[in-house]
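S.K.: build the 3D model from these lines:
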Amino acid sequence: IKDVHNIRYDYFGLNHFGWFTSIEYKGRDIMKDIKEYIKKHEILLPESYIERIKKARSVGNRHAVSSWNHVWKSVYTMLESFPEYLPNTYLTYYLLSKETVEHSNIERTRANEVMESREKDLFEGVEHYLKTGEISEKAFYAGSHGDWISDLALAIKNDTHARFLVITENRGAIPNMPYDAMVEIPAYIGKDGPEVIARGPIPLFQQGLMMQQLNSEKLIVEACIENSYEKALQAFTLNKTVPSMSVAKAILDDMIEANKGYWPELR
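M.R.: All right, here's what the predicted structure looks like:
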């Protein structure tokens, strides 16, 4: 949608971990239409769109590779069980972790897909620029994220108090989340920073998931500061992408070995 500024939505969550509670286009509520489309086609994005970006050799085609196609379809699965809110696509990894692992190809992971598309285009673009001084639009294409950052910078500079979805300190905006939690919510942005838009308490299911993820992240920070193996294991065990304590330990031990020289020494 080119006139993206006509879209207005409400949302709550953490970074890459949240739910849309309403979506409007030019003042018309379109959340029901979006849900009906997903229910009918069993996928979030139109198949025609996915096929089009598969054929187009561009940075954007990473959204048509195998792992992303699974994500688009997973939104349907999540909505079938929990239809009240539209989930952020990344919740696939938390609510459907078993299915995501089963769908994954150990020989060509999500990381490989990114390296073969976005990373490859960027590195080739930098090399081309250093040799010729020419900037490749394909390599440095900013897309909607770049537009959003530019609009945000203008809102701060010009003190417009435009509405954005930002990650900021909660400060009571979500009453049943910690005051100092970094949450993702709508806010008005001006020269003095975000003015968060308060809401009522969020449902227990979403609040429980957010607290679990928040505490997992806090524990891994404490583990790094304190060089604590136990707290690192607690963080991995608590994270919803990990199915059990024994799996958490196996993953942690493998990652310690793979990251020697980069991680603090855990004891």
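
S.K.: show me what the lengthiest helix in the chain is packed up against.
M.R.: What stands out as the longest helix in the chain, according to DSSP state H, is helix 204-226. Helix 204-226 sits against strand 7-14, strand 17-25, helix 229-238, with contacts defined as 3 or more Cβ pairs under 8 Å, 6 or more residues apart in numbering; DSSP states H and E. Where you see a C-beta, it was placed from the backbone N, CA and C, and this is true even at glycine.

S.K.: which one of the ones you listed lies nearest to Phe82?
M.R.: Checking the helices and strands packed on helix 204-226 against Phe82 by Cβ to Cβ gives strand 17-25 as the closest, at 8.8 Å.

S.K.: who does the helix or strand following the closest one touch, helix- and strand-wise?
M.R.: The C-terminal neighbour of strand 17-25 among helices and strands, as given by DSSP states H and E, is strand 28-29. For strand 28-29, there is no helix or strand it packs on, judged by 3+ Cβ pairs under 8 Å, 6+ apart.

S.K.: strand partners of strand 28-29, parallel vs antiparallel please.
M.R.: Strand 28-29 pairs in its sheet with strand 17-25 (antiparallel), by DSSP bridges.

S.K.: between strand 7-14 and the strand it pairs with, find me the angle.
M.R.: 170 degrees (axes from the mean of the first three to the mean of the last three Cα atoms, to 10 degrees).

S.K.: quick check: mean pLDDT of strand 17-25?
M.R.: Computed over strand 17-25, the mean pLDDT rounds to 97.

S.K.: related to what we said a few turns ago, who wins for proximity to Ser150 among the helices and strands packed on helix 204-226?
M.R.: Closest of those to Ser150 is strand 7-14, at 16.7 Å (criterion: Cβ to Cβ).

S.K.: and the contacts of the closest one?
M.R.: Under the criterion Cβ atoms under 8 Å, 6 or more residues apart in numbering, residues 1, 18-25, 27, 88, 163, 165, 167, 174, 181-186, 199, 202, 206, 210, 213-214 lie in contact with strand 7-14.

S.K.: what is the burial count for the residue lying closest to Ala198 once chain neighbours are set aside?
M.R.: Nearest residue to Ala198, sequence neighbours excluded (Cβ to Cβ, 6 or more residues apart in numbering): Ala173, at 4.8 Å. Ala173 has 21 neighbours, counted by other Cβ atoms under 10 Å.

S.K.: phi, psi of Ala173?
M.R.: phi -60, psi -40 (degrees, to the nearest 10).

S.K.: right, and it touches Val196 too?
M.R.: Yes. Look at Ala173 against Val196 with Cβ atoms under 8 Å: they come within range, at 4.2 Å.

S.K.: give me the common contacts of those two.
M.R.: Common neighbours of Ala173 and Val196, using Cβ under 8 Å, 6+ apart, are Ile185.

S.K.: now the helix or strand hosting Gly125: buried residues?
M.R.: Using DSSP H and E, the element containing Gly125 is helix 120-132. Buried positions in helix 120-132, judged by neighbour count with 16 or more other Cβ atoms under 10 Å: Asp121, Leu122, Gly125.

S.K.: is it possible to get a markdown table of those residues that adds distance to Arg108?
M.R.: As requested, the buried residues of helix 120-132 are arranged in a markdown table below (distance: Cβ to Cβ, whole Å):
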| residue | distance to Arg108 |
| --- | --- |
| Asp121 | 18 |
| Leu122 | 20 |
| Gly125 | 23 |
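
S.K.: pull out the buried residues from the helix or strand containing Thr77.
M.R.: If you go by DSSP H and E, Thr77 is part of helix 66-81. Under the neighbour-count criterion of 16+ other Cβ under 10 Å, helix 66-81 has 67-79 buried.
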